[in-house]
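A.B. asks: Here is my input; please provide its structure:
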Amino acid sequence: MNIFNFKNLILAGLVISTHKVQLYASALEEMIQNTNVHHLVGEALLEDLRENLGEFTPLVPEHTAFGEGVRCPEIYGDNPVRDALKKGEEITDYEKKAKANYIVAKVVLDNAWAAGKDPKNSWADPENIFDIPQQLQAGRVRPDVKRFPYSEKDGIPQNPLGKTGFTGRGELGLWGPNPAADPVVFRVNQGQLQVLLVERSDAEGEFAIPGGMVDPADSTVSVAALRELREETGLEAVKEKMLFLGDVYSGHADDPRDTDNAWMVTTVYAWLLTADIEEGKIESSDEVISKKWQNVMPILSGKLKLWEGHEDFVRGAVHTLLQYDVK
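C.D. replies: Residues are numbered from 1 along each chain as shown. Modelled structure (predicted):
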């Protein structure tokens, strides 16, 4: 090989190496931009969000919606004890009165585990709480609720937020905490931050963030949240197009189905779309009527209320977004 050809090879190698470096640098810059909220949202919009959010206080679980039901409100019915509790009145002989208001929905009993029944087709606990170890031995998988501590009395879980006027499980499948997962998904559209909401079939005209119960088959709670997102909105999670902002809330969910022995807990996560994602059809048409992208400003200002106080979750998610780049 002559010197001329050798020099050309060296120069060609340098050009290729320089091109590779440029490609790596471009990919790195794109990755940084797609994980930088200031870049994705813009400083002007972030400032508007800070102003409209105002002083943020951490979410504190409430205890106001209990003992009313959602799909089977008739089993809750009239209950003077519940009504007195909601007024803050003292109840004499409470335990006796609450035991007289023992309730469990037929749909729960129909799907409760019993000896000889396939545990994989039983999403509800057995009616006798002391049969739970037997059902677990039979192969039924129960959602992990260790993150949500509670006390027991005579082996029966006690609602940590207090009395409801009802004993039993009501409409809920599990004794004790019933875990749910709620995804808050944002996008920036035409200079506005928008959140994805669904219109619930059990509360027509009211909008909420998507979400639902954690299934035993869900490997993690965040997986459950993304599954519910797909089922209720048709939005398929694409990791490369969704920036995970973080946990928003984990704890008691103020829920109309709560009783003294069964209550809702939830974990709320927040994501920001970094690119457009194709939206399919709603899978859970029995639970959701419609979906929409809603500008967050009316929610932050208090002009727009959501189902069962979900505006607090949206506010918490906006706070999480604003904190993302300063962690």
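
A.B. asks: what about the helices in this structure?
C.D. replies: 3-33, 37-41, 43-53, 80-86, 94-99, 106-110, 132-137, 221-233, 297-300, 310-323 (DSSP state H).

A.B. asks: Out of the ones you listed, which gets the lowest mean score?
C.D. replies: The weakest mean pLDDT among those belongs to helix 3-33, with a mean of 49.

A.B. asks: wait, residue 152 sits on residue 158?
C.D. replies: Yes. Residue 152 is within contact range of residue 158, at 6.3 Å (criterion: CB atoms under 8 Å). In this view, the C-beta of every residue, glycine as well, is placed from N, C-alpha and C.

A.B. asks: okay, these two: which has more neighbours?
C.D. replies: A count of neighbours by other CB atoms under 10 Å puts residue 158 above the other of residue 152 and residue 158, at 16 against 12.

A.B. asks: Kindly provide the distance from that one to residue 322.
C.D. replies: Separation of residue 158 from residue 322 (CB to CB, to the nearest Å) stands at 37 Å.

A.B. asks: before we move on, what about residue 298?
C.D. replies: For residue 298, the distance to residue 322 - CB to CB - is 18 Å.

A.B. asks: more neighbours, those two?
C.D. replies: The neighbour comparison of residue 298 against residue 322 (other CB under 10 Å) goes to residue 322, with 18 against 13.

A.B. asks: wait, the more buried one sits on residue 48?
C.D. replies: No. In this structure, residue 322 is not within contact of residue 48 by CB under 8 Å, at 11.0 Å.

A.B. asks: How about the contacts made by the residue nearest to residue 263 when sequence neighbours are not counted?
C.D. replies: Among residues not flanking residue 263 along the chain, residue 159 sits closest, at 4.9 Å (CB to CB, 6 or more residues apart in numbering). By CB atoms under 8 Å, 6 or more residues apart in numbering, residue 159 lies in contact with 150, 258-263.

A.B. asks: try residue 247
C.D. replies: 267-269, 320.

A.B. asks: What is the nearest of those to residue 100?
C.D. replies: residue 267 (34.4 Å; CB to CB).

A.B. asks: Tell me how far the closest one lies from residue 49.
C.D. replies: Taking CB to CB, one finds residue 267 at 23 Å from residue 49.

A.B. asks: So between these two, which is more surrounded?
C.D. replies: Legend: neighbour count by other CB under 10 Å for residue 267 and residue 49, higher for residue 267 (24 against 18).

A.B. asks: Please tell me how far the more buried one sits from residue 226.
C.D. replies: Taking CB to CB, one finds residue 267 at 12 Å from residue 226.

A.B. asks: How about residue 289?
C.D. replies: Counting by CB to CB, the gap from residue 289 to residue 226 is 21 Å.

A.B. asks: Looking at those two, which one has more neighbours?
C.D. replies: Applying other CB under 10 Å to residue 289 and residue 226 shows that residue 226 carries more neighbours, namely 22 against 16.

A.B. asks: Name all residues that make contact with the more buried one.
C.D. replies: Taking CB under 8 Å, 6+ apart, one finds 183, 237 in contact with residue 226.

A.B. asks: Which parts of this structure belong to which domain?
C.D. replies: 37-62+177-326, 73-176 (automatic domain parsing).

A.B. asks: Find the one among the ones you listed with the highest mean neighbour count.
C.D. replies: Among the domains of the chain, ranked by average contacts under mean count of other CB atoms under 10 Å, first place goes to domain 37-62+177-326 (a mean of 18).

A.B. asks: ok now that domain, how far from the chain's centre?
C.D. replies: 7 Å (CA atoms, centre = their mean, to the nearest Å).

A.B. asks: Could you shift the numbering so residue one becomes 41, and keep it that way?
C.D. replies: Noted, 41 is the first residue going forward, which turns the last one into domain 77-102+217-366.

A.B. asks: Give me the packing partners of the lengthiest strand in the chain, helices and strands only.
C.D. replies: Ranked by residue count under DSSP state E, the longest strand found in the chain is strand 216-229. Here strand 216-229 touches strand 232-240, strand 252-253, helix 261-273, strand 302-313, helix 350-363, going by 3 or more CB pairs under 8 Å, 6 or more residues apart in numbering; DSSP states H and E.

A.B. asks: Need those in JSON lines (columns: distance to residue 97).
C.D. replies: Shown next, in JSON lines, are those (distance: least, CB to CB, whole Å):
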{"stretch": "strand 232-240", "distance to residue 97": "20"}
{"stretch": "strand 252-253", "distance to residue 97": "27"}
{"stretch": "helix 261-273", "distance to residue 97": "24"}
{"stretch": "strand 302-313", "distance to residue 97": "16"}
{"stretch": "helix 350-363", "distance to residue 97": "10"}
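
A.B. asks: Mind checking the ones you listed for the one nearest to residue 135?
C.D. replies: strand 302-313 (16.9 Å).

A.B. asks: Sheet partners, orientation included, of that closest one?
C.D. replies: Strand pairing for strand 302-313, using DSSP bridges, gives strand 216-229 (parallel), strand 282-292 (antiparallel).
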